[in-house]
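Asks: I would like to see how this sequence folds:
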Amino acid sequence: MLSILTVVLEFIAFVGIVLLGVSTLQTSPKSITNRLFFLFSSTLAVYILTNYLSVVQRVDSLTLFWIRVVMGLARS
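Replies: Now for the predicted structure:
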């Protein structure tokens, strides 16, 4: 079972990365560097979310699904 500290830290990381990506994109939306950074930060935020979901599932088939999603994201 995950402790509340782990859940809070993952939530803070997820929200922080999303806000960083959005704020970077808003400064100059036409810049290719800012667009790529937004894409990178969005991918990282999804990875953090799916990694969390792979750990907290109680059903084996859902755990397997989320682990496969995490491995797919890590590979790309």
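
Asks: which strand or helix spans the residue positioned nearest the centre of the chain?
Replies: For the chain, the residue nearest the mean C-alpha position is residue 45 (2.2 Å; CA atoms, centre = their mean). Applying DSSP states H and E as the criterion places residue 45 in helix 32-56.

Asks: now residue 30
Replies: Counting by DSSP H and E, residue 30 is found in no helix or strand.

Asks: can you give me phi and psi for it?
Replies: Residue 30 adopts backbone torsions of phi -90, psi -10, taken as degrees, to the nearest 10.

Asks: per-residue confidence at it?
Replies: Note on residue 30: pLDDT of 95.

Asks: most distant residue from the middle of the protein?
Replies: Going by CA atoms, centre = their mean, the residue of the chain most distant from its centre is residue 30, 24.0 Å out.

Asks: residue 8 versus that one, what's the distance?
Replies: 36 Å (CB to CB, to the nearest Å). Glycine gets a C-beta too; all of them are placed from N, C-alpha and C.

Asks: same question for residue 50.
Replies: According to CB to CB, residue 50 stands 18 Å off from residue 8.

Asks: so which of these two has more stuff around it?
Replies: A direct count of neighbours by other CB atoms under 10 Å for residue 50 and residue 8 places residue 50 higher, at 20 against 10.

Asks: the more buried one contacts residue 73, doesn't it?
Replies: Yes. With contacts defined as CB atoms under 8 Å, residue 50 counts as touching residue 73 at a distance of 6.3 Å.

Asks: okay, now residue 32: neighbour count?
Replies: What residue 32 shows, counting by other CB under 10 Å, is a neighbour count of 8.

Asks: quick one: it from residue 38, how far?
Replies: 11 Å.

Asks: same question, residue 74
Replies: Distance from residue 74 to residue 38, counting by CB to CB: 20 Å.

Asks: okay, those two: which has more neighbours?
Replies: More crowded of residue 74 and residue 38, by other CB under 10 Å: residue 38, with 20 against 10.

Asks: can you pull the buried residues of the least confident helix or strand in the chain by mean pLDDT?
Replies: Least confident helix or strand of the chain, by mean pLDDT, DSSP states H and E, is helix 60-75 with a mean of 90. By neighbour count on 16 or more other CB atoms under 10 Å, the buried set for helix 60-75 is 66-67, 69-70, 73.
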